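Asks: Coordinates only, no sequence provided:
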């Protein structure tokens, strides 16, 4: 068996982890140089957020128009829904490791891998969201003489916002979670505390877990806020 | 311990190793592995395919235990919330928060509680399935037509009988669909178990002796995807078997 990365018992405590986040701690392997601390935490958090947002923006830019178009035309259901199913089965770890092994390490490669990860949920939800829009307002829009593009952008899309945003949110969660293992692909994110645990120690591991969890929850909360801003007043009223 | 940091972190240059270290297997298949231009080494694959058996079984166990535990808890929560409606929203919110926490972070949050190893992986992954299965079960139970429920009541069924004989069977498609999504995503997530000594296929994707060897990654990733597909198909089969009236309606 390979893969025994850690000793079986690690003395980590919440207090130790919090200390690690705010104050640099001594390490066993750096020859006296202290590791961790608030500056490192901020730097790694920003790295992770940067690569996450970049990949999310890219995935949205690619998948949203395709999903909207297919949904509006009502074609390619097998592709749009099937891609979502297949995407769920792709092991993130294998994807990142393969990208690192074949294409090489670096910010660009990690971003590409994360973008691939984010495309399926956005595309599937865009397709399903548009398809599920009530036909009556669409017919009414047609009767009012709106063009196809106007119908899509002014009627179907606003009505599909909750489903569209659900796709973007699950893509964001998958991307930020996987960006944690960025150090495998040569990008220092919060996962560095986890992957280079021989440097940061047990409290660093726990601190990494706490920070990644907080980052993911904050991102989810931010996107939920954006969703509320984008959802029309009428839809919000009908939901409650 | 050769440091992975050699790749990532300047601080960690303790046991810097040459490029060849990661690829050396044995003399016969060395030419393929030694060259980083090879995407897949068939010779190596043929010789080493046996070494994937144990991780595959471990992965299967992780997924089965996690999904089964998650299923039991989620269904219990759904039944509870079905009886006491005011619990529905808070339970959805709580399982939603758990669902948002990345699995790899969850593993290490459990470090002070369950330590390292399989238990941690199973607790985290089963907590992860709660949201998917719970949400689908609640939706399935809510989608039972009121007329059907009234008819059952009119026939003199008790509340308990209505639940077990009418509502749950009618909610089966949604429940199994939730189970399917949960199982498929758990197979993918279980590869992260390697980070907490949980075994599984992740150990063939990421380990210290094998950091970026495409052949091993492709085989392990391929097995994981096949396993996900097998779960998908098995649960589609279960869904068909448990909802015979749907086949009648369709055909």
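Replies: Structure received. Predicted, not measured: the structure shown is a model, and the values here were computed from it.

Asks: For the rest of this, base every contact and every neighbour count on C-alpha atoms.
Replies: Noted.

Asks: The helix or strand hosting residue A:45 packs against which elements?
Replies: When secondary structure is defined using DSSP states H and E, the element that contains residue A:45 is helix A:38-73. Using 3 or more CA pairs under 8 Å, 6 or more residues apart in numbering or on different chains; DSSP states H and E as the contact criterion, the elements in contact with helix A:38-73 are helix A:14-22, helix A:77-89, helix A:107-131, helix A:157-179.

Asks: Tell me which of those helices is the most buried.
Replies: Highest mean neighbour count among these (mean count of other CA atoms under 10 Å in any protein chain shown): helix A:107-131, with a mean of 26.

Asks: That one to helix A:77-89, inter-axis angle?
Replies: Using axes from the mean of the first three to the mean of the last three CA atoms, to 10 degrees, the direction of helix A:107-131 lies 130 degrees away from that of helix A:77-89.

Asks: Helix A:107-131 and chain B in contact?
Replies: No. Helix A:107-131 does not reach chain B (CA under 8 Å from any CA of the partner chain); its nearest approach is 11.9 Å.

Asks: Could you quantify the relative orientation of that helix and helix A:157-179 as an angle?
Replies: For helix A:107-131 against helix A:157-179, the angle by the same axes, to 10 degrees is 150 degrees.

Asks: What residues of the following helix or strand past helix A:107-131 count as buried?
Replies: Past helix A:107-131, further along toward the C-terminus, the next helix or strand under DSSP H and E is helix A:135-143. Within helix A:135-143, the residues that qualify as buried by neighbour count (16 or more other CA atoms under 10 Å in any protein chain shown) are A:138, A:141.

Asks: now do stretch B:70-82
Replies: Residues of stretch B:70-82 classed as buried: B:70-71, B:73-75, B:77-79, B:81-82 (neighbour count, 16+ other CA under 10 Å).

Asks: hmm, back to that, rebuild the helices and strands packed on helix A:38-73 as JSON lines, extending it with mean pLDDT.
Replies: Shown next, in JSON lines, are the helices and strands packed on helix A:38-73 (pLDDT from 0 to 100):
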{"stretch": "helix A:14-22", "mean pLDDT": "81"}
{"stretch": "helix A:77-89", "mean pLDDT": "87"}
{"stretch": "helix A:107-131", "mean pLDDT": "92"}
{"stretch": "helix A:157-179", "mean pLDDT": "92"}
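
Asks: Save those as JSON lines, and put in distance to residue A:96 too.
Replies: JSON lines is the format used below for these (distance: least, CA to CA, whole Å):
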{"stretch": "helix A:14-22", "distance to residue A:96": "27"}
{"stretch": "helix A:77-89", "distance to residue A:96": "14"}
{"stretch": "helix A:107-131", "distance to residue A:96": "6"}
{"stretch": "helix A:157-179", "distance to residue A:96": "8"}
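
Asks: just so I know, which of the ones you listed lies nearest residue B:174?
Replies: helix A:77-89 (15.9 Å; CA to CA).

Asks: Packing partners of that closest one?
Replies: In this structure, helix A:77-89 makes packing contacts with helix A:38-73, helix A:107-131, helix B:168-189, helix B:214-242, judged by 3+ CA pairs under 8 Å, 6+ apart.

Asks: Hey, what's the angle from the helix or strand just after it to helix B:214-242? Just curious.
Replies: Stepping forward along the backbone from helix A:77-89, the first helix or strand reached (DSSP H and E) is helix A:92-102. Angle, helix A:92-102 to helix B:214-242, by the same axes, to 10 degrees: 150 degrees.

Asks: relative orientation of helix A:92-102 and helix B:168-189 in degrees?
Replies: Computed by the same axes, to 10 degrees, the angle separating helix A:92-102 from helix B:168-189 equals 30 degrees.

Asks: roughly how far out does helix A:92-102 sit from the chain middle?
Replies: Mean C-alpha position of helix A:92-102 versus that of the full chain (CA atoms, centre = their mean, to the nearest Å) differs by 17 Å.

Asks: Remind me what it packs against, helices and strands.
Replies: In terms of contacts (3+ CA pairs under 8 Å, 6+ apart), helix A:92-102 is packed against helix A:107-131, helix B:202-205, helix B:214-242.

Asks: repeat that for 10 Å
Replies: Using 3 or more CA pairs under 10 Å, 6 or more residues apart in numbering or on different chains; DSSP states H and E as the contact criterion, the neighbours of helix A:92-102 among helices and strands are helix A:107-131, helix A:157-179, helix B:168-189, helix B:202-205, helix B:214-242.

Asks: can you list those in CSV and add distance to residue A:139?
Replies: Formatted as CSV, the entries for those read as follows, by distance: least, CA to CA, whole Å:
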stretch, distance to residue A:139
helix A:107-131, 14
helix A:157-179, 14
helix B:168-189, 31
helix B:202-205, 51
helix B:214-242, 36
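
Asks: OK, contacts around residue 94?
Replies: Here I'm looking at chain A. Contact criterion CA atoms under 10 Å, 6 or more residues apart in numbering or on different chains gives A:100, B:188, B:191-192, B:201-202, B:204-206, B:214, B:216-222, B:224 as the residues in contact with residue A:94.

Asks: Wait, chain B was what I had in mind.
Replies: Residue B:94 makes contacts with B:130-131, as judged by CA under 10 Å, 6+ apart.
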